[in-house]
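Colleague: Need coordinates for the below:
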Amino acid sequence: MTVGGPTITLPDGHKMPQVGLGTWQSNPGEVEKAVKVAVKDGYRLIDTAQGYENEEEIGNALQELYNEGVIKREDVFITTKIWSTHLNPERQEAIVKESLRKLRTDYLDLVLAHMPAAASEDMSKHENDISVEDIWKALEKHVEKGLVRSIGVSNFNEEQIERIAKIATVPIASSQVELHIYLPQHKMLEVCKKHGIVVTSYATLGSPGRVNFRLKSGAKLVWAEAPSALDNPLVIELAKKYNKTPAQILIRWAMDLGVAVIPKSVNGDRIKQNFELFDFHLEQDEVEKLSHREHHQRLFLQDFMEGHKEDAFADERGKQ
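Modeller: Purely as a prediction, here's the structure:
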């Protein structure tokens with residue numbers, strides 16, 4: 001068993017595992033088991049968010065692992081995210097402390113602003129007076145108070161990152177974005193490299209489970225048709241060449257770009273497979289070919305941001 005896997009040094013000096021367990025759509029009852037399986041298989045990064053509504057279960061699972069002597073708190077890197085409803089600087093600290101309580105820890109390794117668009121607590125209206133600069137300056141205070149070690153952003157665009165970089169006194173540690181072979185994020189990688197920011201990829205496998213997502217009302221979202229990254233002919237060809245699964249090829253591709261990855265699963269076998277990545281690398285020309293697919297598509301347009309002055313994807317709406 002490989003413990004932890006490779007790490008990436010964040011711009012503030014802290015080290016983050018390059019491979020972690022994603023937990024979006026990991027529901028109570030199954031997420032606790034998934035975390036325990038992952039940690040025992042060697043994972044040392046757990047990625048969650050307030051909006052996933054599973055922080056408490058993850059905290060319980062980790063506490064059991066501490067009590068069993070499997071790991072200590074300092075062995076695991078915990079990332080969570082502040083949802084739009086609490087990005088307002090007046091509401092941030094209370095929700096960070098709530099995450100600390102649920103995750104049963106006195107500090108968080110990394111906290112991200114989940115979106116650049118602040119909203120009212122019931123999500124009924126945009127808070128257009130809250131800029132990404134306002135959000136960032138409030139995040140910095142959590143670091144100053146010792147509640148959080150590193151801070152970053154998620155679903156921000158390159159222009160917003162550049163604006164924050166100009167005023168930041170605490171460096172942007174990570175930019176978590178949708179990144180897969182049909183959205184390779186060349187510009188984001190370039191901007192983040194310039195500022196020393198670590199890019200973290202979500203939907204690395206093309207998020208096949210997104211179609212099962214339901215809102216609190218029980219309604220399913222309507223998703224645009226999209227090709228499956230797992231069924232891409234080149235991915236299948238490389239899987240045969242390296243005797244790996246298509247999922248392992250896609251994750252290794254992102255890793256070979258220097259990106260951190262957080263594939264989600266609650267299936268024990270897949271959790272294990274998604275961590276069996278450290279005995280091979282793709283050749284550079286293979287990385288390049290996967291990075292330049294003819295098809296280009298963002299799966300997560302985050303439509304609720306439409307009309308907000310900080311809508312990160314306004315320029316893309318209607319073009320896909």
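
Colleague: Just the mean pLDDT for stretch 5-16, thanks.
Modeller: This predicted structure assigns stretch 5-16 an average pLDDT of 97.

Colleague: gap between the two ends of that stretch?
Modeller: In stretch 5-16, first residue to last residue: 10 Å (C-alpha to C-alpha, to the nearest Å).

Colleague: same thing with stretch 207-217?
Modeller: Its start and end residues considered, stretch 207-217 measures 22 Å (C-alpha to C-alpha).

Colleague: What of stretch 291-306?
Modeller: Start-to-end span of stretch 291-306 (C-alpha to C-alpha) is 29 Å.

Colleague: Return the distance of that stretch from the chain's centre.
Modeller: With C-alpha atoms, centre = their mean, to the nearest Å as the basis, the distance from the averaged C-alpha position of stretch 291-306 to the chain average is 16 Å.

Colleague: Quick one: residues in contact with that stretch.
Modeller: For stretch 291-306, contacts defined as C-beta atoms under 8 Å, 6 or more residues apart in numbering pick out 84, 115-117, 119, 123, 155, 178, 181-184, 186, 203, 206-207, 210, 223-224, 226-227, 232, 253, 257, 311-314, 316-317, 320. Just so you know, the C-beta spots here come from the backbone N, C-alpha and C atoms, and that holds for glycine as well.

Colleague: The residue lying farthest from the centre of the chain: helix or strand, and which one exactly?
Modeller: Among residues of the chain, the one most distant from the C-alpha centroid is Lys241; the distance is 29.0 Å, by C-alpha atoms, centre = their mean. Assignment of secondary structure by DSSP states H and E places Lys241 within helix 233-242.

Colleague: what's the model's confidence in that helix, averaged?
Modeller: If you average the per-residue pLDDT over helix 233-242, you get 98.

Colleague: can you list contacts of the very next helix or strand once past that helix?
Modeller: Secondary structure here is assigned by DSSP H and E; on that basis, the next helix or strand after helix 233-242 toward the C-terminus is helix 246-256. For helix 246-256, the surrounding residues in contact (C-beta under 8 Å, 6+ apart) are 6, 18-19, 179-181, 201, 204-206, 229-232, 235-236, 238-239, 242, 244, 261, 263, 270, 273-274, 276-277, 280-282, 286-287, 290-291.

Colleague: Walking through the stretch 101-250 of the chain, point out its helices one by one.
Modeller: 132-144, 158-167, 186-195, 233-242, 246-256 (DSSP state H, counting those that start in this stretch).

Colleague: Buried residues, the first one. List them.
Modeller: By neighbour count, and taking 16 or more other C-beta atoms under 10 Å as the criterion, the buried residues in helix 132-144 are Val132, Asp134, Ile135, Trp136, Lys137, Ala138, Leu139, Lys141, His142, Val143.

Colleague: how deep is the closest residue to the fourth one other than its chain neighbours tucked in, by neighbour count?
Modeller: Taking C-beta to C-beta, 6 or more residues apart in numbering as the measure, Trp136 lies nearest to Ile164, with 4.8 Å between them; neighbours along the chain are not counted. The tally of other residues near Ile164 (other C-beta atoms under 10 Å) stands at 25.

Colleague: That's all I had, so thanks and see you.
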